[in-house]
Every structure is written in C-alpha cells, then in structure tokens.
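Peer 1: Kindly return the folded structure for what I paste below:
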Amino acid sequence: MGRAPRKQGQQTEKGLNRRTLLVGGGATAGLLLAWAAWPRQYRPNLNTAPGEIAFNAFLKIDRAGQVIVIVPQTEMGQGISTLLPQIVADELGADWRTVGVQSAPVSPLYANTLLADEWLANDWSRLAGDAGRWTIEQYAIRGALMLTGAGTSLPMFHQPCREAGAAARVLLCKAAAARWDVPWESCDIQNGIISDGGASGGKGRTLKIGEVVEDAATFDLPAILPYRQSEVDRLAGQELPRLDTPSKIDGSHNFAADIRLPDMVFASIRQGPVGDAVLKSVNEGAARSATGFLKLIRQERWVAVVASNWWAANRALDLCDPVFELSGRPVDSAGMEAALEQAFAGSSGERLFAQGDLKSLLEDATILASEYKVRPGLHLALEPMAATARIADGAAEVWMATQAPSLARKAVARALGLSVGAVTLYPLHAGGGYGRHMEHEAGVQAALLSREMGRPVQLLWSRLEDVIQDRPSAPAHARMAGKLGRSGAIEGWSAKVAAPCAMTQTWARIAHGRLPHEASAESAHVSTRLAVAGMDLPYAVPNWAVDHFPADTGLPLGFARGNAHLHGAFFTESFIDELAHQAQMEAMSFRIQMLGGNPRLAHCLTTVGAMGGWQGGIAGSGQGLAAHMMNGAYAAVMVEAGISEGKLQVGRIIAAVDGGDQVNPDIARQQIESGLIHGLALAMGTSVPYAGGMPTRAILGRMGLPRLGDVGEVTVELIRSTAAPAGLTDVGAPLVAPAIANALFTTTGQRHRNLPLLVEG
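Peer 2: As a prediction, this is how the structure comes out:
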C-alpha cells in the first residue's frame, strides 16, 4: 500500500506530535514493539552536598537530619511546594520543622503522565485502550515531559511521594534495627526519631534519622513496601503552615526578576502587534540618548535594549520607536466575533459527545434555544514574563519560572545551537501565572541576549508587553437547545460550540516550535474534546450531544486556569438555569432530580444551599447557583449578586467542594478561594477589545478587575471524603460567572449570556 503524503506540521525533527502519536491499530502495535525494546530504567540525577544522601528521586536527608523534598512541579501560589513535602514527610515520620524543599532537575522520573494523557489523547489512543495510554505514558516519560497544570500535580505525584517517604522510612528503620539487632519491622519513625517498640508505646531505644542515613543507603527495600499504619502524629490531613510563606513575607524569596549575577545587565523588549509581525525599522540614535544605554539588539520579530538598569532599557525602547510590518488582516474583536459565527456555517463541525437519539427527538418539537458568547480572558499575572540567562564557554544557564522545564530547556538549546545537555535550567517559583508560564519565549530571548552581550542578562517584559503578547483563554460562541419532558426533566440537550482550541495551539508552540500565528492557523480546523472540555453533562439526560466547530480567530491562545471549562461551565450552567425557569421549577431541585447517579455533586449542591440560605431563586433574591465537576473534583457555588450604579456587586460567594481526602485542608481552601476570585475576575473583566492587532487597554486598573471592596464574604466548605485527592486549583474558576449570571436574572429579569457579564456594547 502506498504511503499518503504527509501534511505539513505533522512531523517534527524529533519524531511524533500529538496528531501522529497514535495513528492506527497497526502503527500502535509497531510502536509498542519498538518502545518495549528501549531501556526503561532511570536513576535520580540529584546533586548532593557533603553529608547528604539521596534516597530516591524525591528525597534527600543529611547527617544533621535535614529532610530535603524534591518538588517536580512549578509553585505558582497553589501551595504544591508544601503539599508534596507534607506527603513525603508524613510517610517518613519526619519532624515538619526539619523539612526543606528543592526544585527538581529535568528527568524522566518527574514526567507528568496524567497531564500528558489529557493533552495528547485522541480517538486512536482511546480506541487502543490500555495500550494507547501506555504509549502516551512512555512518550511522556522518555521525553522527560515535566508539566504543571490543570490541577494534576497532586493526583499525579501523591502516590510517588508516599512511596518515596515510605521507602526512606523502611531503610532508616533497617539501619537502626541492625545496630540494635532487632527486627526492622518493630521500628518506627515519629517526629524524626527512630524508635524500637515506639509504635506500641514502649520505652524503646531511639536514634535521630540523621545518625543512620549513611548506613540506611546500603540496605535493600522489601518486595512489598509497607505504608505507615499508626495514626499517631500523622502529618497528612493537618493544616500545616506553608513552607514558602516566611520567605515571601520577608522578601527573601527569589523570583525571576530577583536574580542577581556578577556583571549582569538588564533588558526590555518589544515584539510588535498580534500576528505575523516582522521588525521593519528602529531609531537607534534616539535609543542611544538614554542614560545607561548599552546596546540595541535586533531580531527578525523583536527588538531589545540592554542597559545598566531596566528602567533605562525600557526608556530607550520607547525612544527608538520600533516599527513592525504586519502580514494579513490585523486581529480585532469584530473579526474574532465574525470568525466564530462563520464557523457554525462551515462543514468542519464534529460531534464529540453524544448519547441517545437527539435528532428524532428535536424534530418538530418545541424547544428552548439560547446563544452565549465568551470573550478571550487575559492572564494578568502579578509578575510579568521574565528570565535571567548566562552564556559562557559553550554552555547556558537560565533562571526562569516555567511549567514545562524540559520543553523550555530544549527550546533554549535549539535557539543557541547547543546540545540539550549544555543547557542548565534553574526552575523558579512564579509570581502567579495561571497557565501563562507554560510558554518559554522569555527564557529563549534572555539566552539570545546574553550570548550577544557576552555577559549575564536579565530580561523583564513591561506590563504593556505582557498584555500585548499574552496568550489568552479561548473565546467561544455557543448555540444551546433543550427540550423538556412532561415531568419537567430535560429530555433532549444540544450544545453547538464554536471555539479554537487553546491547548492545541499551546502544544504546537512549546513542543514543536511553531510561531504563535502559525499555531493559531494550524489548529483552525482541528476538532478536539479539549476545546469543549467540561461540556459532557454530569446530569442524567437521556438524549444529548455536544458539537464542536473549530474557528480561526487569528488571536494566539494559551493554557489557562480551567482552560475550556471556563466557557463550558458557563454555557452549561447558565442554560440549565434557563430550562429550570421554563419548567417553572426551583433551580436546585431541577438539578438534583437529574443527579441521581452523581451523589457527590448533588451533595455539594445541597450543602451550598443549606450554608447560603438558598431561597429558591425567587425574584429579587439575587441568588444564583452553579455546579460542575472536573478532574475528579465536584463543586457547587452559590452567590448573592446584583448591579449597583451600573457595576456588578457580589455580596457573598459560598462554595462546597468534594475533592477527596485532601493532604492539607487549609491549602485546599486557599486553592478554591483563589479560583473563586479568578472566576469573579472573569465575570467582571480580564478581557479587552482588540483593534489593529493590539489590545485597546493594558493598564490593570482599567481592566474592570474586582477590587477588595467588590468581594464580599467568601465561604468554602470541604466535604469529607475518602476518595483519592483531586487537584483543586482550577475547580472554582469556571463556576462563579454562571452563578452570578443566574443571580442577576432574579434581580433584573434579563439573561446575561455574555462573558464578561457587563461587557460594553
């Protein structure tokens, strides 16, 4: 059989991309056979100081008893640099006061196979079942695909961290037992002290763990690794203080812009408008007049100024007045809206979720139909994109916050023409990000500037540059239709969604080096479940379907907090409320009657109703509900909201969340509260109009973001559960906007079907 011609962009110099990862049963079998022959044993590549012993990829202990936990996930404020150490320390039996944290180096041992499977799965991999999942897992591991995002950190690394702590405890107990000539099974560790008979309350002998670390490394693990059985002095489930709080309070915590190196200089950058923009001209003479100016550096698509301080560099860039030439039609809001509407008229729609016989049910039937619109949402992290680089002696060092360190390192190596092994990446914590740090362009730019200068360079984007070059969450339009049965329950449900896929674009950029406008165009005809995530119904509707219509809006999009759930939950929970009103049923009861097979979500709804004093959504109450499930977490939100002098006012937000057995309930509540405020920002602002390839606003104070006075009482209830812990960083964000929209209907009598809710025009 002849081979079909390969489409452009389906193959990379390194092998497979997400489209060609699994291309059929025969190819899958070939991949399995080939990959089975590859070596699959990986050893930790941790550096150890004198006196430190690396017990495994997640844990080091020194002779003084200091416990260093290796965290392979990027800390962005979500508390993962405390959660994973807490899991390790709990199984180890460590004294929490002796626990420290170190960021993980790039290694296959830290691959996030959970997010890789979510990101790379396609119809063929699902058809292949376990073999498909295994193939994606091996692709992620062998490529050291380290990723942070989509609330996967805790579910992905909970078990490996338990095993790491348990393994070290067993080895330490074996070393102590050998000294005491007793069975190691009789030993236990509590608060960093190994005891013989301590588990049964006896007055046995004791040793500090630091006294036997070197001996412990010489023992072997048993075939079956035992976990701690004692419930005494357990750290899991306790609301321990965050390990990163003290340094963030006293200012000693280093972010990318805090790095200081000998002989370092500072840079600012301009990259042109959104789209296929090429640098045309600059006024270098004007830039040289700025005090502190050192050098102007031009590339095809950007210009940067290096100076003795950042303010001088940014001032020089303003003076040089760079001019860019833009190919194609400039991105504007009207064009994006038109592209989304035109997508419905095309033939590229694909049914991604379906159940029952929807077509015959809706023919000649009386239905409720509504249209919804969501604008792109900017990230607007407190910390603009930044990186520090030092290039010397054929090697590169880069300090940056990145959610994909292995891909960032490869990008830097490719840009400099170096081998990957010649690039050292120091992963830093991020000052926010919400998915923006999945991209690595700032690190690449800093490395190129350092090579040009022959000295360390710190690059910091201006706030204006950060907004212009943002990769927002996806805009989307939805056409919803529903049919009610005689009992008031939903008999038929149709959701047609026009939206580009932000995650497909992100992968094309960070894994395959596509330029933003190229990735946007390539994904314009790709229909994927990632674009309508969160729209597979949690409710027991007998006949329903979700159709996706890909669209090319021209705006490069990116990874975001909640991703497509941000618009998916808004469409679903707003329209559920409309159907409840048409059925003349109270909104909570209407939902619960269809949640018989989903008791965890029903429990969340009844809990917020009881906590918030739900009045049934009666006219004038200003109360609204929304419920959603994602990534193993179940959540419901109730709000009290209204409009005062043309401005949205939210008096109360109550959330009930079943996220399984959480390691640190306080951090879990912080994550949910953060998501709720993020969702409030999406409802009020974070979106700006585009005109001429540029956002029309860039100052945070003009974004319509919620201020402290706009946020009333926020209450979060964690529902007790014995289920596996779920990631909760994203679950709150998609729920607030539909809950507010439903609340506003009770006070205004009008449906708010656009997001942001009070969008101009």
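Peer 1: Lowest mean pLDDT among the helices and strands of the protein, which one is it?
Peer 2: When each helix and strand of the chain is scored by mean pLDDT, DSSP states H and E, helix 25-36 comes last, with a mean of 43.
Peer 1: So what are the sheet partners of the following helix or strand past it and their directions?
Peer 2: Scanning forward in sequence from helix 25-36 by DSSP states H and E, the next helix or strand is strand 52-56. Strand 52-56 has these partner strands in its sheet, going by DSSP bridges: strand 59-62 (antiparallel).
Peer 1: so how far is the partner strand from its chain's centroid?
Peer 2: 29 Å (CA atoms, centre = their mean, to the nearest Å).
Peer 1: What average pLDDT does that strand get?
Peer 2: For strand 59-62, the mean pLDDT works out to 98.
Peer 1: what do you get for stretch 379-395?
Peer 2: On average, the pLDDT along stretch 379-395 is 96.
Peer 1: What residues of that stretch count as buried?
Peer 2: Residues of stretch 379-395 classed as buried: 379-381, 383-391 (neighbour count, 16 or more other CB atoms under 10 Å). Using the backbone N, CA and C atoms, a C-beta is placed for each residue, glycine as well.
Peer 1: What ranges in the stretch 651-761 of the chain fall below the confidence cut-off?
Peer 2: 759-761 (pLDDT under 70).
Peer 1: Could I get the full set of strands for it?
Peer 2: 690-691, 694-695, 711-718, 754-755 (DSSP state E, counting those that start in this stretch).
Peer 1: for the stretch 501-650 of the chain, same thing?
Peer 2: Under DSSP E, counting those that start in this stretch, the stretch 501-650 of the chain gives strands at 543-549, 623-630, 633-644, 647-658.
Peer 1: For those, could you give me TSV that also reports mean neighbour count and distance to Leu718?
Peer 2: Listed next are the strands of the stretch 501-650 of the chain as TSV, based on neighbours: other CB atoms under 10 Å; distance: least, CB to CB, whole Å:
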stretch	mean neighbour count	distance to Leu718
strand 543-549	23	30
strand 623-630	27	15
strand 633-644	25	10
strand 647-658	22	6
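Peer 1: How far does the host helix or strand of His158 sit from its chain's centre?
Peer 2: Assigning secondary structure by DSSP H and E places His158 in helix 153-180. Taking CA atoms, centre = their mean, one finds the center of helix 153-180 at 29 Å from the center of the full chain.
Peer 1: can you pull out the helices in the stretch 401-550 of the chain?
Peer 2: Here the stretch 401-550 of the chain has its helices, by DSSP state H, counting those that start in this stretch, at 405-416, 441-453, 463-468, 502-512, 516-522.
Peer 1: And the contacts of the first one?
Peer 2: Just to be clear, that refers to helix 405-416. 74, 106, 143-146, 389, 391, 396, 398, 400, 402, 418-420, 422-423, 425, 427, 440, 443-444, 447-448, 451, 510-511, 513 (CB atoms under 8 Å, 6 or more residues apart in numbering).
Peer 1: Narrow these to those that are buried.
Peer 2: Using 16+ other CB under 10 Å, the buried ones in the contacts of helix 405-416 are 74, 106, 143-146, 389, 391, 396, 398, 400, 402, 418, 422-423, 425, 427, 440, 443-444, 447-448, 451, 510-511, 513.
Peer 1: What sits closest to Glu341 if chain neighbours are left out?
Peer 2: Distances taken as CB to CB, 6 or more residues apart in numbering put His477 closest to Glu341, at 6.4 Å, once the chain neighbours are dropped.
Peer 1: Now do the contacts for that neighbour.
Peer 2: 337, 340-341, 343-344, 371-374, 497-499.
Peer 1: and the closest residue in space to Arg375 that isn't next to it in sequence, how many residues sit next to it?
Peer 2: With sequence-adjacent residues excluded and distances taken as CB to CB, 6+ apart, Arg375 is closest to Ser687, at 4.0 Å. Ser687 has 25 neighbours, counted by other CB atoms under 10 Å.
Peer 1: quick one: Thr504 and Leu530 touch, right?
Peer 2: Yes: counting by CB atoms under 8 Å, Thr504 does reach Leu530; the two are 6.4 Å apart.
Peer 1: Geometrically speaking, which residue is the centre of the chain?
Peer 2: The chain has Gly149 as the residue nearest its centroid, 2.7 Å off, counting by CA atoms, centre = their mean.
Peer 1: Compute the first-to-last residue distance for stretch 364-381.
Peer 2: Terminal residues of stretch 364-381 lie 49 Å apart, using CA to CA, to the nearest Å.
Peer 1: And the residue located most distally from the centre of the chain, what's its pLDDT?
Peer 2: Within the chain, Asp181 marks the point farthest from the mean C-alpha position, 49.8 Å out by CA atoms, centre = their mean. Reading off the confidence values, Asp181 has pLDDT 95.
Peer 1: Buried residues, stretch 438-457. List them.
Peer 2: So stretch 438-457, judged by 16+ other CB under 10 Å, has buried residues 438-453, 455-457.
Peer 1: who touches Ser562 in this structure?
Peer 2: No, residue 562 isn't Ser; it's Gly. Contacts of Gly562 (CB under 8 Å, 6+ apart): 473, 534, 569, 630, 675, 730, 733-734.
Peer 1: Check the residues you listed and tell me the two furthest apart.
Peer 2: The most widely separated members of these, counting by CB to CB, are Ser473 and Met630 (14.7 Å).
Peer 1: Enumerate every residue touching Gly149.
Peer 2: Contacts of Gly149 (CB under 8 Å, 6+ apart): 115, 403, 435, 438, 559.
Peer 1: please redo it, this time with the cut-off set to 6 Å
Peer 2: By CB atoms under 6 Å, 6 or more residues apart in numbering, the contact set of Gly149 is 115, 403, 559.
Peer 1: on that earlier part again, of the strands of the stretch 651-761 of the chain, which approaches Asp130 most closely?
Peer 2: It is, among the strands of the stretch 651-761 of the chain and with distance given as CB to CB, strand 711-718, at 33.3 Å.
Peer 1: What helices and strands are in contact with the closest one?
Peer 2: Secondary-structure packing of strand 711-718 (3 or more CB pairs under 6 Å, 6 or more residues apart in numbering; DSSP states H and E): strand 647-658, helix 665-684.
Peer 1: mind giving me a markdown table with the ones you listed and columns for distance to Ala277?
Peer 2: Below are those laid out as a markdown table (distance: least, CB to CB, whole Å):
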| stretch | distance to Ala277 |
| --- | --- |
| strand 647-658 | 35 |
| helix 665-684 | 28 |
